[in-house]
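1. Predicted model and sequence below, questions to follow.
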Amino acid sequence: MIGNADALSVFLPLALGIILYAGGKGSKSFEKYVGWLATLAALVPVILVGSMIPDVMAKDATPIRHVYPWIPSIGVTFGFQIDALSVAIAFIIALVSFFATVYAVGYMEHEHGHAGYFGNTLLFIGGMLGVIFSSNLLQFYIFWELMLIPSYFLIVFWGTPERAARIGFKYFIFTHVGAICLLFGILATFVLAHTFEISELAHRIGEINPNVAMVIFGLMIFGFMVKMAVFPVHTWLPDAHAEAPTPISAMLSGVMIKCGAYAIARISLGIFFPSFKGVSTFLLTLAVVTMVYGGLMAIAQTDVKRLFAYSSVSQMGYILFGLTTGSLMGLTGGLFHIVNHALCKALLFMSSGILMHQTETRDLRQYGGLASKMPMTAVASVIGALTLAGTPPLSGFFSESLMFAGGISHELGLFQGQNLLTFIATLSAVITAAYYLWFLWRVFFGKLPDHLKTVKEASPVMWGPALCLAIAAIVLGLFPSIALNIVTAAAKLIIPEVGH
């Protein structure tokens, strides 16, 4: 049952984050347990969001909205919208964030400021879930900015010491500029359509002049693509994800950038679909360029975290491609790939953190033969890498196949060059396989260097979360309908005419 689960899943992490920070600041005895308390707090949204799934997947279920008065003088409400799309993305955010918090207990063992770190982590989680469940654009923007602030502090105070301040500033400026463009679009929409409500705007968008609607669409999707790190507004991501503390890298790359993908699905396609059709050629081209560019840059890296950061840029190209094909298969594949990338990129960043933690280096040229020394980390990494490389029968194979099939289905007849772009996108999968196989060979196989002969496997608190995410990828590969049922329902909600 949903009840107040939507509100609790958002506000409990926010409230508990503040409480943990205030209660643990300056208290060494409290800081000893604050990580596990934060882990319990992060588990609550997983349970609450999971409890909503049966309701939204019930036969003939309609979107559920809980709305409360906020600013009655101008008709602004505060509310939550629960449907297949919001629940699917919210659940994967909650799940990955929970495992990243467990992982952080081991990773942060010898770091400073546990209360501040875990308090900001919970605020980060609450902000992301608030974005996904918001029922109106003004509330959406507030949570959009709320997830930026704690993530900025996490990078600056717990990132790589010599670069954290500079990288955090770059991250903040890039994402805030995108957010300002988004805000202009939201305010213009309100002035012209007289509502912030997402459920009403799809029916009122026709009241806006098509040229003006295109400008608003452009402002909003620019903000969303900055968050997704789509080429050429991607340059903040390799720096921020590489220099953030590894548990936060897992959340930034695993789930935060998916908020941008969710926003494109919910708002750019769900509300401004007529404008989207006018620029679909450009968006699909941008998606393919992002796929290829990110992949080639990943191959060129010698830093393990930067390799995964650039691979996230490439994978965002995959997701944008699926979302903007304008077909049911493409949309379904794009949404399914959000799930797959969240699971597997989070576990790969966790693996990179284990490697750095145990070997005290992040240089891929210094690794080799570690499968015998770190078998659990190796197994998780192999599964994560092969999943994102689209290897059957793992789950990435199904999401990529659906996206590419959607690219040539032409359900809405968007434009003639779609087949060529789909062909190039399919070839880019070779680049993906190349850099992941190169990573696996260089790190876990071959000759073990002398300086790594004393390396041991990390604590189960660190490899356990990565292995759990790997198991989830295997399960979704063997039983893809677990995710496909809900993401297909979500795809039909985004553009109703595609679903028929």
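-> Arrived safely.
2. Mind listing what's buried along stretch 285-302?
-> Going by neighbour count (16 or more other Cβ atoms under 10 Å), the buried part of stretch 285-302 is 285-295, 297-298, 301. Bear in mind the C-beta positions are built from the backbone N, C-alpha and C, glycine included.
3. Residue 443 is in contact with residue 370, correct?
-> Yes: judged on Cβ atoms under 8 Å, residue 370 makes contact with residue 443 at a distance of 5.8 Å.
4. returning to what we had before: for the buried residues of stretch 285-302, give me TSV that also has distance to residue 376.
-> Formatted as TSV, the buried residues of stretch 285-302 follow (distance: Cβ to Cβ, whole Å):
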residue	distance to residue 376
285	41
286	39
287	35
288	36
289	37
290	33
291	31
292	33
293	33
294	28
295	28
297	29
298	24
301	24
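5. Most widely separated two among those?
-> 285 and 301 (25.0 Å; Cβ to Cβ).
6. which residues touch residue 221?
-> By Cβ atoms under 8 Å, 6 or more residues apart in numbering, the contact list for residue 221 reads 264, 268, 283.
7. give me that answer again for 10 Å
-> 181-182, 185, 228, 230, 260, 263-264, 267-269, 272, 275-276, 279, 283, 324 (Cβ atoms under 10 Å, 6 or more residues apart in numbering).
8. Which strand or helix spans it?
-> Secondary structure from DSSP states H and E places residue 221 in helix 210-228.
9. That helix: how far from the chain's middle?
-> 20 Å (Cα atoms, centre = their mean, to the nearest Å).
10. Flag every buried residue along it.
-> By neighbour count on 16+ other Cβ under 10 Å, the buried set for helix 210-228 is 213-214, 216-228.
11. the strands in this protein, which residues?
-> Secondary structure of the chain (DSSP state E): strands at 64-71, 76-82.
12. so what does the longest one touch, helix or strand wise?
-> By that I understand strand 64-71. Strand 64-71 is packed against helix 5-24, helix 28-56, strand 76-82, helix 137-158, helix 198-204, with contacts defined by 3 or more Cβ pairs under 10 Å, 6 or more residues apart in numbering; DSSP states H and E.
13. C-alpha coordinates for it, CSV please?
-> Provided in CSV are the C-alpha atoms of strand 64-71 (Å, rounded to 0.1, in the frame of the first residue of the first chain):
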residue,chain,number,x,y,z
ILE,A,64,-1.6,8.1,-7.9
ARG,A,65,-1.2,11.7,-6.8
HIS,A,66,-1.1,13.0,-3.2
VAL,A,67,-1.4,16.8,-3.4
TYR,A,68,-1.5,19.4,-0.5
PRO,A,69,-2.0,23.1,-0.6
TRP,A,70,1.2,25.1,-0.7
ILE,A,71,0.8,28.6,-2.2
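14. Spell out which strands sit alongside that strand in the sheet and which way each one runs.
-> As defined by DSSP bridges, the strand partners of strand 64-71 come to strand 76-82 (antiparallel).
15. picking that back up, of all the helices and strands packed on strand 64-71, which lies closest to residue 240?
-> helix 137-158 (6.0 Å).
16. Same question for the closest one: list its buried residues.
-> Neighbour-count burial for helix 137-158, with 16+ other Cβ under 10 Å as criterion, is recorded at 137-141, 143-148, 150-158.
17. what angle do that helix and strand 64-71 make?
-> If you take axes from the mean of the first three to the mean of the last three Cα atoms, to 10 degrees, helix 137-158 sits at 90 degrees to strand 64-71.
18. Next, the angle from helix 137-158 to helix 5-24.
-> Here helix 137-158 runs at an angle of 30 degrees relative to helix 5-24 (the same axes, to 10 degrees).
19. Show me how far helix 137-158 is from its chain's centre.
-> Centre to centre, stretch against its chain (Cα atoms, centre = their mean), the figure for helix 137-158 is 14 Å.
20. That one - what's its average pLDDT?
-> Here helix 137-158 scores 94 as its mean pLDDT.
21. Convert that helix to CSV, retaining C-alpha atoms only.
-> Output of helix 137-158 as CSV, limited to C-alpha atoms (Å, rounded to 0.1, in the frame of the first residue of the first chain):
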residue,chain,number,x,y,z
LEU,A,137,7.6,21.7,-11.8
LEU,A,138,8.4,24.2,-9.0
GLN,A,139,8.7,21.4,-6.5
PHE,A,140,10.8,19.5,-9.0
TYR,A,141,13.2,22.4,-9.3
ILE,A,142,13.6,22.8,-5.6
PHE,A,143,14.6,19.1,-5.1
TRP,A,144,16.7,19.3,-8.3
GLU,A,145,18.8,22.0,-6.5
LEU,A,146,18.6,20.2,-3.2
MET,A,147,20.4,17.1,-4.6
LEU,A,148,23.2,19.4,-5.9
ILE,A,149,24.1,21.0,-2.6
PRO,A,150,25.0,17.9,-0.5
SER,A,151,26.7,16.3,-3.4
TYR,A,152,28.9,19.4,-3.8
PHE,A,153,29.9,19.2,-0.1
LEU,A,154,30.6,15.5,-0.4
ILE,A,155,33.0,16.2,-3.3
VAL,A,156,34.7,19.2,-1.8
PHE,A,157,35.3,17.8,1.8
TRP,A,158,35.8,14.1,1.1
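22. So that it lines up with my notes, have the first residue be 40 from now on.
-> Shifting the count to begin at 40 puts that one at helix 176-197.
23. which of the residues in stretch 462-477 are buried?
-> Buried residues in stretch 462-477, defined by neighbour count with 16+ other Cβ under 10 Å: 464-465, 467-468, 470-472, 474-475, 477.
24. Distance-wise, check residue 332 relative to residue 95.
-> Residue 332 is 36 Å from residue 95, where distance means Cβ to Cβ, to the nearest Å.
25. Any stretches of this protein with poor pLDDT?
-> Where the chain drops to pLDDT under 70, the residues are 40-42, 63-69, 98-100, 449-456, 535-539.
26. And for it, the residue most distant from the center?
-> Outermost residue of the chain with respect to the C-alpha centroid, by Cα atoms, centre = their mean, is residue 489; its distance is 38.0 Å.
27. right, and residue 103 touches residue 96 too?
-> No: Residue 103 sits out of contact with residue 96 when judged by Cβ atoms under 10 Å, with a separation of 11.9 Å.
28. what do those two both touch?
-> Jointly contacting residue 103 and residue 96 under the rule Cβ under 10 Å, 6+ apart are residue 126.
29. and which of the buried residues of stretch 462-477 is nearest to residue 73?
-> The nearest member of those to residue 73, counting by Cβ to Cβ, is residue 475 at 35.6 Å.
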